[in-house]
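1. My questions concern the predicted model and sequence given below.
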Amino acid sequence: MLEQFKKQLKEKGEVYLRVKVRPGASRTALKEVMETPEGKTIKVDVGAPPVRGKANQELFKFFVQEFKVKKENIIILGGAAERIKLIKISIKQV
């Protein structure tokens, strides 16, 4: 489901993702990519509670595995304490 975003990351060196998070799920998993008026939104269940950044850290782990990047290459640009977040993933060029 994330292939188009992975392709964009490879081609452009960065990708911006609108993510809707459901913290407190039984496990972390991609649920769907939804079409919204704002564009595509990635819906992710997160297997951590929304306490002291634990859900965000679990979300980072998910994107590290999916996009094969380092945690330092993932930034929450907006919505850190919200269910809908804007995330930037980049590949640092050497």
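-> Perfect, thanks for sending it.
2. only C-alpha atoms for contact and neighbour calcs from this point on.
-> OK.
3. where does this protein dip in pLDDT?
-> Applying pLDDT under 70 to the chain flags residues 93-94.
4. where exactly do the helices run in it?
-> Assigned by DSSP state H, the helices in the chain fall at 3-12, 54-67.
5. Could you look over these and pick the most buried one?
-> helix 54-67 (a mean of 17; mean count of other C-alpha atoms under 10 Å).
6. Give me the helices and strands touching that helix, please.
-> strand 39-46 (3 or more C-alpha pairs under 8 Å, 6 or more residues apart in numbering; DSSP states H and E).
7. Distance from the chain centre to the strand it packs on, please.
-> How far strand 39-46 lies from its chain's middle: 8 Å, per C-alpha atoms, centre = their mean, to the nearest Å.
8. And it, what's buried?
-> 41, 42, 43, 44, 45, 46 (16 or more other C-alpha atoms under 10 Å).
9. export that strand as CSV, just CAs?
-> Output in CSV follows, covering the C-alpha atoms of strand 39-46 (Å, rounded to 0.1, in the frame of the first residue of the first chain):
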residue,chain,number,x,y,z
GLY,A,39,-5.1,14.2,-0.4
LYS,A,40,-4.0,10.7,0.6
THR,A,41,-4.1,9.9,4.3
ILE,A,42,-2.3,6.8,5.7
LYS,A,43,-4.3,5.2,8.5
VAL,A,44,-2.1,3.4,11.1
ASP,A,45,-3.0,1.5,14.2
VAL,A,46,-0.3,2.0,16.8
